[in-house]
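>>> Build me a model from this:
(chains A and B)
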Amino acid sequence: MAKSVTLVGLIHDALYHPAKWAAFASGTFYEFYQGIVQSTGSNLTLATRSAWGPPELKRQSAQDWTSYTFHAISCGDSIDGGDVTTQDVFDELIRVVKDVSPICEL
Amino acid sequence: MVYPKIDIKYGFSDPSDLEYFNSQVNVMDERLKAFGEVCLKHETGQFLPYVGTAAAVRDLIAIAEYFDGKGCNINYYGGSYGTTIGNYLINSKSSISTVSNPNSQPLSSVFPNRVGRILLDGMQDPLTHASEPPHLYWARLLESVDETFQGFAQGCALAGPYGCPLATNTSTGPGIIEWTKDLLAVCPSVGHRLNPHLNLI
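Coordinates of the predicted model:
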């Protein structure tokens, strides 16, 4: 079953390609919504889609594996973290969520 | 390879989420160490010292020389991270003097003479990329993401249900955002309670 982190990742990736937003909304995002409603029995609704045919767009695959290319290149290019701890990294993630990208804060 | 995820749906507005997140520091610390050891032992681990943008630019030069001849000028188009490759290609030594990574140094004095026509689109800051610890990238990577999502939601609402099936006839941009949050709320999470004994492989 699709997970919330999968949707967040798909949206985040799609935001980078505004020329494909319409295709994303009609395809992957809508299909994700349908899949969640069907699998969870949620009554989360929106407009009916009677005027729509099935998405003709090729669905993006929601990958269940992780690429480490970004991490490897970032570490290779940047200065050594030195005495940075995992707690420092977690603290920075918390700060960024609160101060830089708070859209999901309730 | 499984790299476990911690799923916090709503930022850290719920104190229990914040408490849980911080409780995973030691668990994740151990996993990261184990992950690093697995990487080093993997048959490709021997190549890790050569991973990086400096190596990518050297490859770029080699490929260009294969097609256009030794000493050819490099014509290059790069977007996003590709602009970092471009900046490594064109920047002079003085302009990246803050870079302390020796992996970057040889580039600075060798390749400016090879620059042909360069187009860089969607700039990534090459100085911070090379001169800050990588965990500080996140703030820059997400700098405009909320504003961009608001743009997506507003566009969807303006398009209406015939242009954006996520919308109704009365949808607004903020309404689409709230609807997305509701959708996330009913989605299953992954790894919210990590099993500390989960095998990494």
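
>>> Okay, and residue B:118 sits in which element?
With the criterion set as DSSP states H and E, the secondary-structure element containing residue B:118 is strand B:115-121.

>>> secondary structure class for whichever residue of chain A sits closest to chain B?
Ranked by Cβ to the nearest Cβ, the top residue of chain A for proximity to chain B is residue A:76, at 3.1 Å. C-beta: built from backbone N, CA, C; applies to glycine. Classification of residue A:76 by DSSP: H, G, I helix; E, B strand; the rest coil places it in helix.

>>> again with the one 3 residues further on
Reducing the assignment at residue A:79 to three states with three-state DSSP gives coil.

>>> correct me, but it touches residue B:136?
No - counting by Cβ atoms under 8 Å, residue A:79 does not reach residue B:136; the two are 10.3 Å apart.

>>> Surely residue B:76 is within a helix?
No - remark: residue B:76 does not belong to a helix; assigned using three-state DSSP, it is strand.

>>> how about the nearest residue to it, chain neighbours excluded?
Spatial nearest neighbour of residue B:76, chain neighbours left out: residue B:118 (5.1 Å); criterion: Cβ to Cβ, 6 or more residues apart in numbering or on different chains.

>>> buried stuff in the longest helix along chain A?
In terms of residue count, the longest helix belonging to chain A (DSSP state H) is helix A:86-99. Applying a neighbour-count criterion of 16 or more other Cβ atoms under 10 Å in any protein chain shown, the buried positions in helix A:86-99 are A:86, A:89, A:90, A:92, A:93, A:94, A:96, A:97.

>>> Kindly report the same for stretch B:169-180.
Applying a neighbour-count criterion of 16+ other Cβ under 10 Å, the buried positions in stretch B:169-180 are B:171, B:173, B:175, B:176, B:177, B:179, B:180.

>>> Next, the contact list for residue A:83, please.
Residues near residue A:83 by Cβ atoms under 8 Å, 6 or more residues apart in numbering or on different chains: none.

>>> confidence score at it?
Reported pLDDT at residue A:83 in the predicted model: 90.

>>> what do you get for residue B:70?
91.

>>> Residue B:149 now?
Looking at residue B:149, its pLDDT is 96.

>>> Surely it touches residue B:177?
Yes - taking Cβ under 8 Å as the contact criterion, residue B:149 and residue B:177 are neighbours in contact, 7.0 Å apart.

>>> got any residues that touch both of those two?
The contact lists of residue B:149 and residue B:177 share residue A:103, where a contact means Cβ under 8 Å, 6+ apart.

>>> Let me know the average pLDDT across stretch B:153-162.
In this model, stretch B:153-162 has a mean pLDDT of 94.
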